[in-house]
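1. All I have is the shape, not the residue letters:
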């Protein structure tokens, strides 16, 4: 506990004191803030690489970059967005809010919390530095399939493997910390089934992380051995199996997708009730649905591999298992809609992002069901239809979930209300830009445009131009978000104790859940 009590004590002196406060801090709020700023920096960097991709695809022909550099951009964009932007943002939200939600004084392991954050700048500094190495950055796609990555990848592949290891260690430590905090440090009376949904989804996400991060570590270690130590895990020439890589990678990769979306489910499950001014419909079913999604996520990995020649029985199993995971997800969407039904709704920025999340994430879910049909997947595989699908899950899903959370909790974090007009502008421009960018990809994908290739047939020119305009609109809008956040931190209207109770000037008081659950001390504790 001494680390908790003394977290503002500084032993540094002079000008370095302010800096050392951040370097050495064990305060969960400081660390949460650092995660959020780091993830936003990575979001802007990953987005800049995506702009290079969309600028090249603005019209047919090769105009800006050579194909090898284009491939480096697709690889780095995916890796930075998944491991550098989305995951650290949710870990930051967890650091900030989970102790407050469960009534804990801090995270259970504050020093490890500090260490798990500082591993990330090291990991991504290493990853980004590969762009400047001889031979360039990794150019084999963010899924880094062997033997392409182990035999034909650039020399920087080794640095990329090390960076993934560091990021994975950081994730595992963060997950252990969240589990230890939630299971051991809840306030008296805060039973598991009274926890806010965000705490629940993070508890389940943390178990997912601990289960699958070592699998990723294993597969990149096998790559390292193949590159440097003469093994043949993935080389058929030495008796290995190239498809083994895909099995191991996707056994990590599919639960990873749910690691990126479950915390957003939790945040939205708190935001929608607050702005509907009624309790969440079906709390218990939400908890069980989250658990079911997490459990089933381990049984669907080979739906990414329908075209590699797995047996028909295997295809059938993975097809049905994938369709089954739509059931608990459907339960969640039904509960969100029912929570809003006949509620006293108001549409501030957090609610706008949350409603857009529900609608657009559902579209991504439907295209996922299409991809789950094994014979149809032969047509969709490696086309822009797949790109459209997972961007509809991750942009309105994970990223809109992060924006909704940020606007929802900014008054709590800063003590100031953000500028509602600017926030709504940010929402509508993001919403329009995102749909312009990714909806046309469904059509070009169904028409056969392959992904990860810098040139395309003339017939796809118009849709690609629309996509690129939408992507640039979405990207530029995020600078407005940066401005809104800085403006809110620096000042603004003071936030009331319960900022969302009388939102939009509602004159009456409706019984409404606070931003996180309050609880009274049970009699026996007094």
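-> Received the coordinates, thanks. Just so you know, these numbers come straight off a predicted model, no measurement behind them.
2. Break this structure into its domains for me.
-> Per automatic domain parsing, the domain ranges recorded for the chain read 31-233, 261-518.
3. Out of the ones you listed, the one nearest residue 22 is which?
-> domain 31-233 (6.6 Å; C-beta to C-beta). Any C-beta I mention is one placed from the backbone N, CA and C, and that applies to glycine too.
4. Between the two ends of that closest one, how far is it?
-> 39 Å (C-alpha to C-alpha, to the nearest Å).
5. Check stretch 271-280 too.
-> End residues of stretch 271-280 are separated by 9 Å (C-alpha to C-alpha).
6. Look at residue 393 and say how many residues are nearby.
-> 20 (other C-beta atoms under 10 Å).
7. so where does the closest residue to it other than its chain neighbours fall, helix or strand?
-> Take residue 393 and drop its neighbours on the chain: the residue closest to it by C-beta to C-beta, 6 or more residues apart in numbering is residue 364, 3.8 Å away. Secondary structure from DSSP states H and E places residue 364 in helix 349-372.
8. need the next SSE after that helix, C-terminal direction.
-> For helix 349-372, the succeeding helix or strand toward the C-terminus, using DSSP H and E, is helix 374-380.
9. Report the buried residues of that next one.
-> 374, 377, 380 (16 or more other C-beta atoms under 10 Å).
10. State the mean pLDDT of it.
-> Mean pLDDT, computed over helix 374-380, is 95.
11. ok, and what's touching it?
-> 303, 306-307, 315-316, 318-319, 370-371, 386, 445-446 (C-beta atoms under 8 Å, 6 or more residues apart in numbering).
12. just checking, next helix/strand downstream of that helix?
-> Toward the C-terminal end, the helix or strand that comes next after helix 374-380 (DSSP H and E) is helix 384-393.
13. which other helices and strands contact the helix or strand just after that following helix?
-> Next along the chain after helix 384-393, taking DSSP H and E as the criterion, comes helix 400-414. Judged by 3 or more C-beta pairs under 8 Å, 6 or more residues apart in numbering; DSSP states H and E, the packing partners of helix 400-414 are helix 28-56, helix 87-102, helix 242-276, helix 349-372, helix 420-446, helix 461-490.
14. tell me the angle of helix 400-414 relative to helix 420-446?
-> Helix 400-414 runs at 160 degrees relative to helix 420-446, counting by axes from the mean of the first three to the mean of the last three C-alpha atoms, to 10 degrees.
15. in helix 400-414, what's buried?
-> 400-411, 413-414.
16. Would you agree residue 102 is in contact with residue 190?
-> Yes: between residue 102 and residue 190 a contact is recorded at 5.5 Å, counting by C-beta atoms under 8 Å.
17. neighbour count winner among these two?
-> Per other C-beta under 10 Å, whichever of residue 102 and residue 190 has more neighbours is residue 102, with 23 against 19.
18. so where's the stretch 351-500 of the chain shaky on pLDDT?
-> The model of the stretch 351-500 of the chain has no residue with pLDDT under 70.
19. need the buried residues of helix 400-414 in TSV with distance to residue 86, can you?
-> TSV is the format used below for these (distance: C-beta to C-beta, whole Å):
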residue	distance to residue 86
400	11
401	9
402	7
403	12
404	14
405	12
406	13
407	17
408	18
409	17
410	19
411	24
413	20
414	23
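20. just those residues now: which is nearest residue 457?
-> residue 400 (32.3 Å).
21. give the contact list for the closest one.
-> Neighbours of residue 400 in contact, by C-beta under 8 Å, 6+ apart: 264, 353-354, 356-357, 360, 430.
22. Check residue 179 too.
-> Here residue 179 is in contact with 203, 206-207, 210 (criterion: C-beta under 8 Å, 6+ apart).
23. which one of those residues has the most neighbours?
-> Ranking these using other C-beta under 10 Å puts residue 206 first, with 27 neighbours.
24. any idea how far residue 77 lies from residue 25?
-> Per C-beta to C-beta, to the nearest Å, residue 77 is found 31 Å from residue 25.
25. Residue 87 now?
-> 21 Å.
26. repeat for residue 304
-> With C-beta to C-beta as the criterion, residue 304 and residue 25 are 40 Å apart.
27. now do residue 70
-> As defined by C-beta to C-beta, residue 70 lies at a distance of 41 Å from residue 25.
28. Helices of the stretch 151-300 of the chain, start to end?
-> 157-184, 197-228, 242-276, 283-296 (DSSP state H, counting those that start in this stretch).
29. Pick the most deeply packed of those.
-> Of all these, helix 242-276 has the most neighbours on average by mean count of other C-beta atoms under 10 Å, namely a mean of 23.
30. helices or strands up against it?
-> Looks like helix 242-276 contacts helix 87-102, helix 197-228, helix 283-296, helix 326-340, helix 349-372, helix 384-393, helix 400-414 (3+ C-beta pairs under 8 Å, 6+ apart).
31. go again using 7 Å as the cut-off
-> Judged by 3 or more C-beta pairs under 7 Å, 6 or more residues apart in numbering; DSSP states H and E, the packing partners of helix 242-276 are helix 87-102, helix 197-228, helix 283-296, helix 326-340, helix 349-372, helix 400-414.
32. now the angle between helix 400-414 and it, please.
-> Going by the same axes, to 10 degrees, helix 242-276 makes 50 degrees with helix 400-414.
33. ok and helix 242-276 relative to helix 197-228, angle-wise?
-> Using the same axes, to 10 degrees: helix 242-276 against helix 197-228 is 160 degrees.
34. How far does helix 242-276 sit from its chain's centre?
-> 7 Å (C-alpha atoms, centre = their mean, to the nearest Å).
35. Next, find the distance separating residue 392 from residue 326.
-> 15 Å.
36. So for these two, which sits in the more crowded spot?
-> residue 392 (25 against 17).
37. ok, now how distant is the more buried one from residue 455?
-> 25 Å.
38. same thing with residue 23?
-> For residue 23, the distance to residue 455 - C-beta to C-beta - is 47 Å.
39. Run through the residues that contact the nearest residue to residue 298 once chain neighbours are set aside.
-> The shortest distance from residue 298 to any non-neighbouring residue, by C-beta to C-beta, 6+ apart, is to residue 255 (6.1 Å). Residue 255 is in contact with 208, 211-212, 297-298, counting by C-beta atoms under 7 Å, 6 or more residues apart in numbering.
40. Would you convert those into a markdown table that also reports pLDDT?
-> Listed next are those as a markdown table, based on pLDDT from 0 to 100:
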| residue | pLDDT |
| --- | --- |
| 208 | 97 |
| 211 | 97 |
| 212 | 97 |
| 297 | 96 |
| 298 | 96 |
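41. which of those lies closest to residue 168?
-> For these, the nearest to residue 168 is residue 212 (9.6 Å; C-beta to C-beta).
42. That closest one is in contact with residue 254, isn't it?
-> No: using C-beta atoms under 7 Å, residue 212 is not in contact with residue 254, being 8.6 Å away.
43. re the thing from before, to residue 497, which of the helices and strands packed on helix 242-276 lies closest?
-> helix 400-414 (9.7 Å).
44. Now do the closest one and helix 461-490, the angle between them.
-> Using the same axes, to 10 degrees: helix 400-414 against helix 461-490 is 10 degrees.
45. SS state for residue 137?
-> coil (DSSP: H, G, I helix; E, B strand; the rest coil).
46. shouldn't it be in contact with residue 156?
-> Yes: applying C-beta under 7 Å, one finds residue 137 in contact with residue 156, separated by 6.0 Å.
47. Identify the contacts common to these two.
-> With C-beta under 7 Å, 6+ apart, residue 137 and residue 156 have common neighbours residue 130.
48. Next up, the contacts around residue 401.
-> Counting by C-beta under 7 Å, 6+ apart, residue 401 has contacts 264, 267-268, 357.
49. same deal with residue 93?
-> So residue 93 contacts 263, 405 (C-beta under 7 Å, 6+ apart).
50. Tell me the pLDDT of the closest residue to residue 500 other than its chain neighbours.
-> Once flanking residues are discounted, residue 500 sits nearest to residue 274: 5.1 Å by C-beta to C-beta, 6+ apart. In the prediction, the pLDDT value recorded for residue 274 is 95.
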